[in-house]
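>>> Any chance you could fold what I've pasted below:
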Amino acid sequence: MNSTAGAPRGVIPAHLLKGQKALVTGANSGIGKATAIGLGRAGADVVVNYVAGQEAAEKVVEEITSYGVRAAAYEADVSREDQVAAMTERMVEEFGTIDILVANAGLQRDAGVTEMTLAQWQKVLDVNLTGQFLCAREATKEFLRRGVVPEVSRSAGKIICMSSVHQLIPWSGHVNYASSKGGVQMMMETLAQELAPQRIRVNAIAPGAIRTPINRTAWETPEAERDLLRLIPYDRVGEPEDIAYAVVGLASDLMDYVVGTTLYVDGGMTLFPGFATGG
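Residues are numbered from 1 along each chain as shown. Coordinates of the predicted model:
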């Protein structure tokens, strides 16, 4: 690993999202946690969604409020229509509205195709794809009800779908996960096309290898990390903060003309480094 590797360092302007209300799903750990904290640092009030791990969610809330903004932890299973609707309704009641949705909640249930059960397939699709749809649908209802508030944002609302490099790169042994992320890409692009005339911006972020609990075995030993780095031209494993910075920028008016785009935050993984020397 080169000498510049390690956790990213950046300064998030505290005024960038001032007055906006953000909902981040799956926000009590990993990418969701870093994203929720990043949005709070940028001045947004934040709802930290979780499905399990209330204590961890409350700790995220505590850190967010240390930046002088409001935050709260809401328990909801994003694959459950009634729970998503109730969570969104509660947020509108308690925070006044929703300006930013980061549909981040996701999971893996890995198996080879002949060993994968229907339950493993369905669970991943239910959370990773249907969950994002349900959250986007409910947030959109509030965006359309409220419309554009120019002193808050140039957009009526922002939806950021958390995808993966595996919306593009096939992943043997993970057909359910890769299929869910391929679906996220097309869902995002279709929603972006439909909602852009209403000044609702829908985009996606596709992380590469990020140092989170979901993929611990890929980086927790020196040997595993060395193997992983062969896939990353930039020669470091990503950190959750790398994604948080991208989310904050994409949610801000600095990116107001960015619509229907996937931002790959992957250190060059989608450059297919195996072909760097001719394949």
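>>> Next, the contact list for Val51, please.
Neighbour list for Val51: 26, 75-78, 105 [criterion: CB atoms under 8 Å, 6 or more residues apart in numbering]. For glycine as for every other residue, the C-beta is placed from the backbone atoms N, C-alpha and C.
>>> Buried ones among the residues you listed?
The neighbour-count test (16 or more other CB atoms under 10 Å) marks 26, 76-78, 105 as buried among these.
>>> Which single one of these is nearest to Glu194?
Ranked by distance to Glu194 (CB to CB), these are led by Val78 at 20.8 Å.
>>> now that closest one, nearest residue through space, not along the chain?
Gly131 (3.3 Å; CB to CB, 6 or more residues apart in numbering).
>>> what's around that neighbour, how many residues?
For Gly131, the neighbour count with other CB atoms under 10 Å is 27.
>>> Can you pull the phi/psi pair for it?
Per-residue torsions, Gly131: phi -60, psi -40 (degrees, to the nearest 10).
>>> what's the answer for the one 10 residues further on, then?
Dihedral angles phi and psi of Lys141 (degrees, to the nearest 10) take the values phi -60, psi -40.
>>> Look up how far Val84 lies from it.
The gap separating Lys141 from Val84 is 11 Å, by CB to CB, to the nearest Å.
>>> And these two? Which one has more around it.
The residue with more neighbours, out of Lys141 and Val84, is Val84; 24 against 16, by other CB under 10 Å.
>>> can you pull the contacts of the more buried one?
Taking CB under 8 Å, 6+ apart, we find Val84 in contact with 76, 78, 131, 134-135, 138.
>>> Likewise for Ser179?
Ser179 makes contact with Leu125 under the criterion CB under 8 Å, 6+ apart.
>>> Try it again at 10 Å.
With contacts defined as CB atoms under 10 Å, 6 or more residues apart in numbering, Ser179 is in contact with 121, 124-125, 128-129, 166-167, 170-171.
>>> What helix or strand is Val258 located in?
Counting by DSSP states H and E, no helix or strand carries Val258.
>>> Please name the nearest non-neighbouring residue to it.
Nearest residue to Val258, sequence neighbours excluded (CB to CB, 6+ apart): Asn203, at 6.0 Å.
>>> Next: Val113.
The shortest distance from Val113 to any residue other than its chain neighbours is 5.6 Å, reached at Val175 (CB to CB, 6+ apart).
>>> Same check on Asp266?
Closest residue to Asp266 apart from its sequence neighbours, by CB to CB, 6+ apart: Gly208 at 2.7 Å.
>>> What's the local residue count around that neighbour?
Using other CB under 10 Å, Gly208 has 23 other residues around it.
>>> give me phi/psi at it?
With angles defined as degrees, to the nearest 10, Gly208 sits at phi -90, psi -130.
>>> next one: the one 4 residues further on
Comment: the main-chain dihedrals of Thr212 come out as phi -130, psi 170, following degrees, to the nearest 10.
>>> same deal with Ala71?
Here is the backbone geometry of Ala71 (degrees, to the nearest 10): phi -160, psi 160.
>>> Beta-bridge partners for it, please?
Val46 (DSSP bridges).
>>> pLDDT value on it, please?
What the model reports for Ala71 is a pLDDT of 98.
>>> Which residues are in contact with Leu191?
So Leu191 contacts 132-133, 136-137, 140, 159, 161, 200, 202-203, 260 (CB under 10 Å, 6+ apart).
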